[in-house]
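**Q** requesting a structural model of the entry that follows:
(one chain, ligands or ions: 1)
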Amino acid sequence: MTDRENPNETAETEVEEAVASVEDPDFGASVVEAGLVTDVSVADGVATITVDLAGADPEEAEEVSEAIRRAAFEVAGVEQVRVEGETPDAGGGGHGGPAGDHDHGGGLSLPEVEHVVAVGSAKGGVGKTTVATHLARALADDYDVGLFDADIHGPNVPEMVGVEGPVEATDDGQAEPANVGGMEVMSVGLVANDAPLAWRGAMAHDALTELLEDTAWSDRDVLVVDLPPGTGDIALTMLQEVPVSGSVLVTTPFPTSLSDTGRSAALLEENGVPVVGAAVNMRGFTCENCGHDHDLYGDTDPEEELGVEVLAELPFDRGLQRPDADETDLPAPVADLVSAVTEFLASDDAGPVSVPDSALDIRGLPPRIRHEQVGEEFRALDPGEEFYVVNDHDPSPLAQMLAGEVAEESLDEAFDACEVHRRAPDEWVLEVRRAA
Ligand SMILES: Nc1ncnc2c1ncn2[C@@H]1O[C@H](COP(=O)(O)OP(=O)(O)OP(=O)(O)O)[C@@H](O)[C@H]1O
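**A** This is a model prediction of the structure:
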């Protein structure tokens, strides 16, 4: 540290003084003295004022936020004002911080992970772990990959990849993942055997998400998560809390497995979990003696039954029962799956699992303030510049508002790109690029 003055210090003092002129309606004192303003910062002409209005009446909170904004705008050099923090609308749990830190307001924080791909199945024993481990191992040829075994009922991943627990703890108390040829692996089956009670009943979900979050992952391009079977309780909650880029469903071609998996796909989509498609496992087998192909479950049409794309069809083949660590040529169906997942991750559909720190997080702000802040920042954009807004519900109407009211244009004229992504039930991202 040097003694040099913070170049923004003067601006911050001025903004604080301006904001201090706003009165707390309950006590008639300055909002600063009343402790309703918890932080003021100014950088590049953007003043960010953090407030704690969780205890205020919603209407009053809206008025105070608006008065604070207007006061800050009066300060010379301030071009944009952000009011962030806790308001009554946020239910006491505001989301004021930057959106880029993967904090999902009750969700999981996985700052080291670029993309999470969840592998799940509506039924047990259909080959979910087999598919998840093949996928992770094959992706690890080109990417930094993590594999998390969230299957508390049958944590088979360690056996599939040939590692044993218990894993060690790092100096700061995190669980050190096992390293399998550069791929990092963590499993319920790798934690000490003397703590299994937490893995049952109501506590299982908390214990599982804690293990995922408290694993000392290095920077990972992709984290493959092997989910517990079913899409009830643990699996669905897990999917809602983890910032999942895409999920892969595993099914056999058996009719009931297909109909259950189709329902699971619909449920996931309804809950904002993107479904990349399905891997149909044990599609048929080639007899070692007669050399003929046999269909194990009859002639079903998985794609029609599932309502999602079939990414790969894996035969019943003992050679597929575990991935080969030294494999140079991927089995064809595994290669199909990997290329479908890779293509998805490179597409816009995978969404911004990480959004930039500059994103405007309007969750928890009173509605009028939300619209004003979004409009103001959009007006300040240069042509071709990108803009991210994080909201707690579908921000599509905001895009309409920006195009119509702010730019007085149609959506196509206003934006070169306009995407809505749902990262978690209460975390939606609007990503627009202003027309060049
Ligand atoms: N394509 C395949 N060919 C041959 N055997 C397979 C294939 N897929 C899975 N198996 C075998 O079927 C069994 C169940 O597979 P797996 O453990 O992957 O299923 P799962 O859906 O993860 O099960 P669980 O619900 O218990 O977690 C394993 O013994 C596995 O080796």
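
**Q** any idea how many residues pack against the residue nearest to residue 190 when sequence neighbours are not counted?
**A** Among residues not flanking residue 190 along the chain, residue 165 sits closest, at 3.6 Å (C-beta to C-beta, 6 or more residues apart in numbering). In this view, the C-beta of every residue, glycine as well, is placed from N, C-alpha and C. Here the number of neighbours of residue 165 (other C-beta atoms under 10 Å) works out to 17.

**Q** from residue 279, how far off is residue 165?
**A** Counting by C-beta to C-beta, to the nearest Å, the separation of residue 165 from residue 279 is 28 Å.

**Q** again, but for residue 243
**A** 22 Å.

**Q** with residue 410 instead?
**A** The span separating residue 410 from residue 279 equals 41 Å under the rule C-beta to C-beta.

**Q** and those two? Which one has more around it.
**A** Shown here are residue 410 and residue 279; by other C-beta under 10 Å, residue 279 has more neighbours (32 against 11).

**Q** so for whichever strand or helix holds that one, mean pLDDT?
**A** Element membership for residue 279, per DSSP states H and E: strand 275-281. Along strand 275-281, the predicted local confidence has a mean pLDDT of 95.

**Q** ok, now stretch 70-77?
**A** The model assigns stretch 70-77 a mean pLDDT of 87.

**Q** buried residues in it?
**A** Residues of stretch 70-77 classed as buried under the neighbour-count rule (16 or more other C-beta atoms under 10 Å) are 71, 72, 75.

**Q** and for stretch 368-384?
**A** Within stretch 368-384, the residues that qualify as buried by neighbour count (16+ other C-beta under 10 Å) are 369, 370, 371, 372, 373, 374, 375, 376, 377, 378, 381.

**Q** what do you get for stretch 34-46?
**A** Residues of stretch 34-46 classed as buried: 34, 36, 37, 40, 42, 46 (neighbour count, 16+ other C-beta under 10 Å).

**Q** tell me the secondary structure for the first one?
**A** Classification of residue 34 into helix, strand or coil gives coil, according to DSSP: H, G, I helix; E, B strand; the rest coil.

**Q** farthest pair within the buried residues of stretch 34-46?
**A** 34 and 46 (24.6 Å; C-beta to C-beta).

**Q** picking up where we left off before, would you confirm that the residue nearest to residue 190 contacts residue 188?
**A** No. Shown here, residue 165 and residue 188 do not form a contact pair, counting by C-beta atoms under 8 Å, at 9.4 Å.

**Q** where does pLDDT dip in this protein?
**A** Along the chain, segments meeting pLDDT under 70 span 1-7, 87-107, 192-204, 231-233, 294, 296-297, 325-328, 351-354, 424-425.

**Q** residues from the stretch 151-300 of the chain in reach of the ligand?
**A** Residues of the stretch 151-300 of the chain found near the ligand (C-beta under 6 Å from any ligand atom) are 151, 154, 156, 229, 281, 282.

**Q** from the residues you listed, which two are the most distant?
**A** With C-beta to C-beta as the measure, no two of these lie farther apart than 151 and 282, at 18.4 Å.

**Q** and those two? Which one has more around it.
**A** Taking neighbours as other C-beta under 10 Å, residue 151 and residue 282 compare with residue 151 leading, 27 against 21.

**Q** where does that one sit: helix, strand or coil?
**A** Quick answer, by three-state DSSP: residue 151 is coil.

**Q** grab the nearest non-local neighbour of it.
**A** Here the nearest residue to residue 151 in space, its sequence neighbours aside, is residue 228; by C-beta to C-beta, 6+ apart that works out to 4.9 Å.

**Q** how about the one you found, what does it touch?
**A** Contacts for residue 228 (C-beta atoms under 8 Å, 6 or more residues apart in numbering) come out as 150, 151, 152, 153, 234, 235, 238.

**Q** shouldn't the third one be in contact with residue 191?
**A** So that's residue 152. No. Judged on C-beta under 8 Å, residue 152 makes no contact with residue 191 at a distance of 10.8 Å.

**Q** need the contact partners of stretch 183-191.
**A** Under C-beta under 8 Å, 6+ apart, the answer for stretch 183-191 is 136-137, 140, 145-152, 155-159, 161, 163-167, 175, 177-179, 199, 208, 211-212, 215, 217-218, 220.

**Q** and these, which of them are in strands?
**A** Per DSSP state E, strands hold the following members of the contacts of stretch 183-191: 145, 146, 147, 148, 149, 178, 179, 220.

**Q** which PyMOL command selects the buried ones in the residues you listed?
**A** When burial is assessed using 16+ other C-beta under 10 Å, the buried subset of the ones in strands among the contacts of stretch 183-191 is captured in PyMOL by this command:
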select buried, resi 145+146+147+148+149+178+220
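
**Q** quick check: residues of the stretch 301-436 of the chain near the ligand?
**A** For the stretch 301-436 of the chain, the residues in contact with the ligand under the definition C-beta under 6 Å from any ligand atom are 314, 316, 317, 318, 320, 321.

**Q** the fifth one: neighbouring residues, count only.
**A** The burial count assigned to residue 320 is 19, neighbours taken as other C-beta under 10 Å.
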